[in-house]
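[1] Everything below, folded, please.
(one chain, ligands or ions: 1)
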Amino acid sequence: MLSSDFANLASEAERMLNCGADWLHMDIMDGHFVPNLTIGAPVIESLRKTQVYDTMLYGFSYRAYLDCHLMVTNPLDYIEPLGKAGASGFTFHVEASRENWRELIQKIKSKGMRPGVALKPGTPIEEVYPLVECENPVEMVLVMTVEPGFGGQKFMPDMMDKVKTLRKKYPSLDIEVDGGLGPSTIDMAASAGANCIVAGSSVFGAPEPAHVISLMRKSVEEANGFSADTEFLPKDQPLLMPIECKCNGSFFQAEVTKTTIKGESFYGIAESLEGLTTCRAIQEKNLGVPPSNLGDNARLLIPLRCACPYSSEVGLATRILLSYPVSEGDTISNLAIKFNTTPEAIVSANNRSVANFKPESLVPLTSLLIPLKGKPALGPLAKPREPNSRFPESSIPVISPHKKKSKMWIVGIYIAVIGVVVGASIVAAVAFLLIQLKKKKQQNSSKEGDPELNSLVQV
Ligand SMILES: O=C(CO)[C@@H](O)[C@H](O)COP(=O)(O)O
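    Numbering: from 1, shown residues only. Sure, this is the predicted structure:
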C-alpha cells in the first residue's frame with residue numbers, strides 16, 4: 001500500500017482487494033530504522049474500522065489480512081497498539097531484534113497476530129534460522145529485495161540465493177519477497193521459492209492492476225507445480241478451498257461456481273466434493289439444468305456446507321471453521337488431534353447447524369465443521385503427474401458414476417473369487433470326511449469278523 005494514494009487509503013485498499021490481492025501489505029516506518037516515515041497503529045485501526053475489507057477464507061468470514069512490515073528500531077513498542085488496531089501479521093526486522101526476538105514472537109502471538117521476520121539485503125540468511133527453528137517460531141520470513149525505506153527501487157536478483165536456501169531448508173515456510181517485484185522480476189522470485197509477493201509500484205502504476213496481480217499469481221503457482229491448468233493432483237492430497245460463507249443469524253451458505261466438462265453429472269460433481277454438498281442441493285441451485293450428461297462450459301452454482309464462528313468463539317481464538325468431508329474411520333477425537341483442536345470444540349461447532357448432531361456416529365460423505373485457530377498445515381503439494389491422455393486437457397477429473405460402478409465391479413470379482421475358493425474347500429472337506437467314514441466302517445466290519453483280533457481288543 002506504500003504506492004497507494006494515502007489520502008484515499010480505504011478505497012485504494014478496497015480497489016486492490018477487488019483486483020485480486022490476497023493481503024494488504026502495510027509498511028510501517030519510524031524515520032529511524034529507515035530514512036522514511038509512514039503510518040502507525042492509528043492508520044491501521046482506521047483502515048480496519050472501515051470494514052470494507054471482508055474477504056472469506058477457508059470457510060470463515062475473514063477480515064482482510066493486514067500484513068504489517070515493521071521497519072522500526074523498537075518493534076516491541078508496536079505490538080500492543082497494532083494488536084489492538086487489528087493488524088493480522090507483524091513482521092519485525094532481525095537487525096532490530098537480536099536481543100529480544102523470543103519475547104517479540106511470544107507477544108505477537110499473544111495478541112493474535114502472525115509473527116514474521118524480515119532481513120535487509122546485507123544481512124546473512126543464517127541470522128533468521130534460529131527464529132524459524134525455535135520452539136515458538138516465526139511463521140514467515142521476509143527477504144528484502146531492495147534496501148528498505150522506499151518504493152519503486154530496482155529488484156536485487158542476488159537476494160534469490162537467500163530465498164533458494166530458505167526454501168530448500170524449510171519446504172513449507174511462507175517466504176515473502178518485497179521490493180522491485182513486477183512482471184519482469186516475478187519469475188526469478190517464484191522459481192527461487194518465494195510464495196508471498198509484495199508489489200507496490202508495479203501494481204499501482206499499471207493501467208490494469210488486476211492483470212499484473214493475476215500474472216504474478218500465475219507465475220508463483222506454476223513454480224509451485226500448481227496452476228489452473230494443473231489437472232492431476234497427487235492422489236489423496238488434501239486441498240483447502242477458500243469459500244465465502246454468508247452467515248445471517250443461523251442461516252449459513254456458501255456457493256462456488258463450477259464450469260462443467262462435457263459428460264459430467266450433478267452426481268459426479270457432488271461425489272467429487274466428498275460430502276461438502278449433495279446432488280439434491282446442486283439440483284435446487286441449478287433449476288432447469290439437466291442433472292446428467294452436462295455440456296461443456298456451463299456455469300453451475302455449487303452450494304457448500306459452511307458456518308461462521310460466533311463472536312464468543314473468535315474470542316477463544318477460533319479463526320476458521322473448516323468444512324471437513326468425513327471419511328470412513330474418522331472419529332471426533334482423531335480429528336481433534338489431527339487439526340489441533342478439542343473434541344468439545346468440534347461438537348459445539350456442529351451443534352449450531354445440524355439438529356440432533358450425533359458425534360458418536362460420523363457418517364462418511366457428510367461434512368463436519370472443525371474450528372481452527374489458524375490455517376491448517378496440509379503439507380506441500382507434490383508436483384503433479386504428467387498429463388494423462390485418459391482425461392481431456394484442462395479438466396478436473398471427478399469420480400463419475402461409471403468409475404464407481406467399475407470399482408464396485410472389481411470388489412464384486414473379489415467376492416466371487418473368495419466364494420469359489422471357499423465353496424471348493426467345503427466340497428473337498430465333505431468328500432474327505434465321507435471317504436474317512438466309509439473306510440472306518442469297512443475296518444469295523446472286518447474287525448467284527450476276526451475273533452483273534454476281537455480277543456486282543458477285549459484284553
Ligand atoms: O518495504 C518496502 C520498501 O521499504 C516495500 O514494501 C516496497 O515499497 C515495495 O514497493 P515496490 O518496490 O514494489 O514499488
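[2] what's the distance between the spatially most central residue of the chain and S214?
    Centrality entry for the chain: nearest residue to the mean C-alpha point is L240, 3.1 Å, by C-alpha atoms, centre = their mean. Counting by C-beta to C-beta, to the nearest Å, the separation of L240 from S214 is 20 Å. Glycine gets a C-beta too; all of them are placed from N, C-alpha and C.
[3] before we move on, what about K338?
    34 Å.
[4] which parts of this structure sit against the ligand?
    2-3, 25, 27, 69, 146, 148-153, 178-181, 198-202 (C-beta under 6 Å from any ligand atom).
[5] Buried subset of those residues, written for PyMOL?
    Buried residues among the residues of the chain next to the ligand (16 or more other C-beta atoms under 10 Å), as a PyMOL selection:
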select buried, resi 2+3+25+27+69+146+148+149+150+151+178+179+180+181+198+199+200+201+202
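[6] Strands - which of the residues of the chain next to the ligand land there?
    Among the residues of the chain next to the ligand, the members falling in strands (DSSP state E) are 25, 27, 69, 178, 198.
[7] Let me know whether the third one touches D178 as I believe.
    The one in question is H69. Yes - between H69 and D178 there is a contact under C-beta atoms under 8 Å: 7.0 Å.
[8] Show me whatever sits in contact with both of the two.
    25, 118, 142, 198 (C-beta atoms under 8 Å, 6 or more residues apart in numbering).
[9] quick check, nearest of those residues to V163?
    Using C-beta to C-beta, the shortest approach to V163 within the shared contacts of H69 and D178 belongs to L142, at 10.6 Å.
[10] Can you verify the closest one is assigned to a strand?
    Yes - if the criterion is DSSP: H, G, I helix; E, B strand; the rest coil, then L142 is within a strand.
[11] how deep is it tucked in, by neighbour count?
    By other C-beta atoms under 10 Å, the residues close to L142 number 29.
[12] how about F92, secondary structure?
    Using three-state DSSP, the structure places F92 in strand.
[13] pLDDT value on M144, please?
    pLDDT recorded at M144 is 98.
[14] That one pairs with what?
    D178 (DSSP bridges).
[15] need the contact list for it.
    118-121, 159, 178-179.
[16] Rebuild these as JSON lines, extending it with distance to K258, secondary structure and pLDDT.
    Output for the contacts of M144, formatted as JSON lines (distance: C-beta to C-beta, whole Å; DSSP: H, G, I helix; E, B strand; the rest coil; pLDDT from 0 to 100):
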{"residue": "A118", "distance to K258": "39", "secondary structure": "strand", "pLDDT": "98"}
{"residue": "L119", "distance to K258": "42", "secondary structure": "strand", "pLDDT": "98"}
{"residue": "K120", "distance to K258": "45", "secondary structure": "coil", "pLDDT": "98"}
{"residue": "P121", "distance to K258": "44", "secondary structure": "coil", "pLDDT": "98"}
{"residue": "M159", "distance to K258": "40", "secondary structure": "helix", "pLDDT": "98"}
{"residue": "D178", "distance to K258": "35", "secondary structure": "strand", "pLDDT": "98"}
{"residue": "G179", "distance to K258": "38", "secondary structure": "coil", "pLDDT": "98"}
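[17] List just the nearest of those to S191.
    So of the contacts of M144, ranked by how close each gets to S191 (C-beta to C-beta), first place is M159, at 13.4 Å.
[18] How many neighbouring residues does that closest one have?
    25.
[19] From S172, how far out is N224?
    11 Å.
[20] Just want to know which of those two has more residues nearby.
    When N224 and S172 are compared on other C-beta under 10 Å, the one with more neighbours turns out to be N224, at 16 against 10.
[21] Check whether M16 really touches L24, as I assumed.
    Yes - between M16 and L24 there is a contact under C-beta under 8 Å: 6.6 Å.
[22] residue contacts, the residue of the chain found nearest the ligand?
    Closest contact between the chain and the ligand, by C-beta to the nearest ligand atom, is at G200 (2.9 Å). By C-beta under 8 Å, 6+ apart, the contact list for G200 reads 1-3, 25, 151-152.
[23] and E14, what helix or strand is that in?
    E14 belongs to helix 9-18 when elements are defined using DSSP states H and E.
[24] give me the number of residues near the residue lying closest to P157 once chain neighbours are set aside?
    Nearest residue to P157, sequence neighbours excluded (C-beta to C-beta, 6 or more residues apart in numbering): M188, at 5.7 Å. M188: 18 surrounding residues under other C-beta under 10 Å.
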